[in-house]
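Peer 1: I'd like to go over a predicted model; first the sequence, then the structure.
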Amino acid sequence: MNNKYYSPLVFELSKPGRSGYSLPKNHWGEHHIGDINENLLRQSKPELPEVDELTLVRHYTNMSNNNFGVDTGFYPLGSCTMKYNPKINEEMAALPAFTSLHPSTPECLTQGALELYYNLQRALSEISGLSEFTLNPCAGAHGELTGLMVIRAYHQSRGDHKRTKIIVPNSAHGTNPASAAVCGLQIVEVGSTPQGTVDVEALKELLNDEVAGMMMTNPNTLGIFETQIPQIAQLIHECGGLMYYDGANLNPMLGVCRPGDMGFDVMHINLHKTFSTPHGGGGPGSGPVGVTAALAEFLPNPKVVKGEDGLFHITYSDSALGSVSPLFGNFSVLVRAYTYILSMGREYIPMAGKLSVLNANYIKEQLKAYYKLPIDGLCKHEFVFDGLLEEYGGGAHDADKVTTLDIAKRLLDYGYHAPTIYFPLLFHESMMIEPTETESKETIDQFIEVMRKIALEAKDDKALLHGAPHHTPIRRPDDVFAVKNAKFTF
Amino acid sequence: MKYIPHTQADIDQMLQVVGVDSLDDLYGEVPEQLKLKRELDLPSAMSEIEIRNHIEALADQNKLLTIFAGAGSYDHYTPSVIPYIMSRSEFSTSYTPYQAEISQGTLQYIFEYQTMMARLTGLDISNASMYDGATATAEAMMMCVAAAKKRNKVLIASTFAPRVLDVVATYAKYHGVELVKIPQIDGVSDKAFVDEALAQDDVAGVIVAQPNYWGIVEDFTGWADQCHEHKALFVVNAIASTLGVLRTPGEWGADIACGDAQSLGIPVGYGGPYIGYLCTTKALIRKMPGRLVGETVDAAGQRCFVLTMQAREQHIRREKATSNICTAQGYMCLHVAMYLSMMGEQGLREVCQQSYSAAHYLHDKLLETGKFEPCYSAPFFNEFTLKYTGEEGAKAFHKRMAEAGILAGVLVEGEADKIIFAVTEKRTPEEVARFLSLV
Amino acid sequence: MENVYFSESHEYVRVEGEYGYVGITDYAQHQLGNVVYVDMPEVDDEVSAGEEFGAVESVKAASDLISPVSGEVVERNDALEDTPELINEDAFANWIIKVKLSDPSELENLMSEDEYNRVCE
């Protein structure tokens, strides 16, 4: 990574007359776009950059050096499961027989792609304990929306139109209520106990015949396993609702305890979290949705099934909730996840879960003498600190206190990505740390050492932290000016 | 296991620090009856060699055809530089650029992408977050309803691809939007119907497709004015690559441009990942879904970029957010930014020109075979619809061609003999000649 | 302060005759941090007590504005359109909308300054 900022934009490298493209001669004779009525043609120039190939290659190469990725260093970003992205996944996804396969190719000529899709559906089904999957949703939030549509389609199919409320814990990912709103559901929030889990007594008060279901993640966003999940599922089911599992936190449960066995009816999985596909600066991801056998008919079109003839078929059904994606979702992401599952196999998939939990607890235990741990006890794959302890400059009533933002920025100086900060909203100074299983003990020991060092720095020299980062390509950006400036194009 | 670095000694030491005896004890609080007490029923871990053999064998079951079809997936050329640069793990293994200080690379290329898409569509701003053209259109529909406050009716052209309409209709059904399909006359949206509907003053937005499903370039003169007179938004879904030469959504007076940017050299890839785009005017910025990068300065006063206007988004606004979108389709933004930079205005125009010429050449030659009849008389771009009149019928024709290695367009669902063909700059004279000789 | 009433959602209304000036409290602006945008209703819009009439946005947060009173919006503080940070400078002086009160008895449901200050502690 750079510590000097490479700052030009491609527009600033552009020079009229340069070009970076190479195309054959036009063999096709007399037809010219100018034949179209001028009113239908572009009136202004698009003002795209004009650069030669080397200029372009250097530009993006230098730009990449402003960036930090999992391959650069430790990325303990809570809730995002930034595990290593294996390289063979990339090579398999880049096979021309996948990348050059047109989605309108007759299914008898895409049997390999369909078999891969089918096999991945089956593998996810086994891992999650839910019977059927669609791989069409393009992202976690897209999967959530799809799963909620399944829930609505189920109630509607029974003529039960009153059920439009969805219960969401106050510790939930912000996407949960947002997805519910897009799906036309009203959100009812349920509180947490002092131990950070769903308040079951409060939940009972919310139950009635308008409840469509409840969305949870388990372990929850504090990294705590909701031990009362069987009772919660029973309560929701008894009142006629369905249980939705937000798969963002699936990683620690791999091979140990499956959402289907916990009593969930619908879930999504983030292949870009649990199944190692690269995050690509925020996308593309993939958000497969799994359901119980009773809900399978509602999964979206198109569906991929295995026929009695042993061949794979693309089917459409009227009972489906509709379509959420025109084709088969982000197919190349599916190839990567499938490759990962084959690499890990039945032996190592459960190890991933267990070691992610070991790594998280190991960090937590060694840092809780420095950072405020609001809820003690075993965590799963992640945990949340509520800022520094008071003796290290984190006093809540100290106007000059060292904040979670300061710590996050100081970590960048030491060559680490920051944890997720200011989430969950249950605490003022939340700092959510998720190491994942792919990090070695040495990496984690070094991180612990740096986190302790930062705590000591905070105690002695608050200004150093308030001013951090000091060694990154840029310093802290002015977020307020960004909004006021409102400049979104060059 | 090469993705797991822990030695047994590491595990033992770490367990000791945590204060439990075994890895299983890390799950001590999990109720026993919930635990899986057997091995997962999955294949045993495979080596790279075994995986390669297995997946390559699957890949061999796919047959790559010479593509004369589009329908949302266009076989344009991907310059070599693009996959090369995209393989840089600084780009691929980073996350959404929350920590701007160590994410300027992602933020810079998204800012470049936003700029190029705004210029291409003729609108003020672009987001960086749509999965594909279909969901971008659904988001545009929801934006219309959010902007109109008390209206929830949206008109949509029936000249969209059916599978795009399915997605938008699905979102509409669950979001509570009344989606009304605009009838078509000779393959073109019926403006009289739209005028009449707008006159009811209860329409939040009107969404049209350009070029449409049939490949036709429609004339939207007067549509935007009519919409605005009745306080409805006008939305144009355009195939991104055609915007190098066709009148832009901005020039049509649109408030929102949306669509798929797959046509900008993204491989057809069995349907994805692609990238949807969504551009709009500054007035509608707070109604726009998804990630947005803005220019600012850092503490040292130098220009830099950050995710901004986040108060619209799900992680802050929860159920009041403009959308549930979290994705920043970063990696695909990088693809598009590089593609448009390499092509430039001239290259993009040339791609359009060659695709246009080749499509018109094929169109004329197919008619000359005597086995096709034209369906529509309106101008088309690089995609066109013909009726197959050969004795075997369109379905058998399409199958026969596929067996011969040619993807001869897409069959129109429910309309017996219609086939929609598309041609791009990648098709060679030899490929076209072979196709024609087999017809 | 005389004739000023507060809601639990941190809005105030300062009553002058048949009109009320509605804004967010100093406590609320402090919690939000730098205000970057105020979404205001149009003049002539109706607002209802307990219902949302707009939103205030800071860089890292956004908060709905809940009207403490019902009535018709007769004026809005257009200065906030370009300089929303006025709210941070003086939230009380920089009211957001002026409402013609349709039901002054609603004021009885609101808090006095002392009561409100206790809520904020």
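Peer 2: Happy to help now that I have it.
Peer 1: all contacts plus neighbour counts: C-alpha atoms, from now on.
Peer 2: OK.
Peer 1: okay, now the domains of the chain?
Peer 2: Looking at chain A here, since you left the chain open. A:10-61, A:88-343, A:354-481 (automatic domain parsing).
Peer 1: my bad, chain B
Peer 2: If you go by automatic domain parsing, chain B breaks into B:66-77+B:344-438, B:81-338.
Peer 1: Pick out the residue of chain B closest to chain C.
Peer 2: Here the residue of chain B nearest chain C is residue B:311; by Cα to the nearest Cα that distance is 5.5 Å.
Peer 1: can I assume that residue is in contact with residue C:61?
Peer 2: Yes - with contact defined as Cα atoms under 8 Å, residue B:311 counts as touching residue C:61 (5.6 Å).
Peer 1: Residue C:74 belongs to a strand, doesn't it?
Peer 2: Yes - counting by DSSP: H, G, I helix; E, B strand; the rest coil, one finds residue C:74 located in a strand.
Peer 1: Okay, it and residue C:94: tell me how far apart.
Peer 2: Distance, residue C:74 to residue C:94, by Cα to Cα, to the nearest Å: 16 Å.
Peer 1: how about low-confidence regions in chain B?
Peer 2: In the predicted model of chain B, residues B:316 satisfy pLDDT under 70.
Peer 1: what ranges do the helices span in it?
Peer 2: B:8-18, B:48-60, B:81-86, B:89-92, B:104-121, B:133-148, B:162-175, B:191-198, B:223-229, B:314-317, B:330-368, B:394-403, B:429-438 (DSSP state H).
Peer 1: got TSV for the ones you listed, with mean neighbour count and distance to chain C too?
Peer 2: Below are the helices of chain B laid out as TSV (neighbours: other Cα atoms under 10 Å in any protein chain shown; distance: least, Cα to the nearest Cα, whole Å):
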stretch	mean neighbour count	distance to chain C
helix B:8-18	15	36
helix B:48-60	16	45
helix B:81-86	16	31
helix B:89-92	26	26
helix B:104-121	28	18
helix B:133-148	25	13
helix B:162-175	22	21
helix B:191-198	16	23
helix B:223-229	18	19
helix B:314-317	23	6
helix B:330-368	24	22
helix B:394-403	18	55
helix B:429-438	14	56
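Peer 1: can you tell me which of these comes nearest to residue A:372?
Peer 2: Among the helices of chain B, the nearest to residue A:372 by Cα to Cα is helix B:8-18 (17.3 Å).
Peer 1: Next, see if the closest one gets close to chain A.
Peer 2: Yes - part of helix B:8-18 sits near chain A under the criterion Cα under 8 Å from any Cα of the partner chain, namely B:10, B:11, B:14, B:15, B:17, B:18.
Peer 1: contacting residues around residue B:211?
Peer 2: B:217, B:218, B:238, B:239, B:380, B:381 (Cα atoms under 8 Å, 6 or more residues apart in numbering or on different chains).
Peer 1: Could you dump the helices of chain B into JSON lines with distance to residue A:412 added?
Peer 2: Below are those laid out as JSON lines (distance: least, Cα to Cα, whole Å):
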{"stretch": "helix B:8-18", "distance to residue A:412": "26"}
{"stretch": "helix B:48-60", "distance to residue A:412": "35"}
{"stretch": "helix B:81-86", "distance to residue A:412": "24"}
{"stretch": "helix B:89-92", "distance to residue A:412": "15"}
{"stretch": "helix B:104-121", "distance to residue A:412": "13"}
{"stretch": "helix B:133-148", "distance to residue A:412": "35"}
{"stretch": "helix B:162-175", "distance to residue A:412": "40"}
{"stretch": "helix B:191-198", "distance to residue A:412": "54"}
{"stretch": "helix B:223-229", "distance to residue A:412": "49"}
{"stretch": "helix B:314-317", "distance to residue A:412": "23"}
{"stretch": "helix B:330-368", "distance to residue A:412": "21"}
{"stretch": "helix B:394-403", "distance to residue A:412": "55"}
{"stretch": "helix B:429-438", "distance to residue A:412": "54"}
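Peer 1: out of those, nearest to residue C:8?
Peer 2: So among those, helix B:314-317 is nearest, using Cα to Cα, at 19.6 Å.
Peer 1: Dump the C-alpha coordinates for that closest one into PDB.
Peer 2: C-alpha atoms of helix B:314-317 as PDB (Å, rounded to 0.1, in the frame of the first residue of the first chain):
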ATOM      1  CA  GLN B 314     -30.100   1.500   5.600                       C
ATOM      2  CA  HIS B 315     -27.400   1.500   8.200                       C
ATOM      3  CA  ILE B 316     -28.500   4.900   9.500                       C
ATOM      4  CA  ARG B 317     -32.100   5.200   8.500                       C
END
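Peer 1: Give me the three-state assignment for residue A:237.
Peer 2: Applying three-state DSSP: residue A:237 is helix.
Peer 1: burial measure for it, as a count.
Peer 2: Taking other Cα atoms under 10 Å in any protein chain shown as the criterion, the count of residues near residue A:237 is 18.
Peer 1: And the pLDDT at it?
Peer 2: Turning to residue A:237, the model gives it a pLDDT of 98.
Peer 1: For it, which residues are in contact?
Peer 2: Applying Cα under 8 Å, 6+ apart, the residues near residue A:237 are residue A:243.
Peer 1: Hmm, residue B:102 is touching residue A:412, no?
Peer 2: Yes - with contact defined as Cα under 8 Å, residue B:102 reaches residue A:412; the gap is 7.4 Å.
Peer 1: more neighbours, these two?
Peer 2: residue B:102 (32 against 20).
Peer 1: nearest spatial neighbour of residue B:166, skipping sequence neighbours?
Peer 2: By the measure of Cα to Cα, 6 or more residues apart in numbering or on different chains, the closest residue to residue B:166 outside its immediate chain neighbours is residue A:323, 5.8 Å from it.
Peer 1: hmm, back to that, tell me which of residue B:311 and residue C:61 has more neighbours.
Peer 2: Comparing residue B:311 with residue C:61 by other Cα under 10 Å, the one with more neighbours is residue B:311, at 24 against 20.
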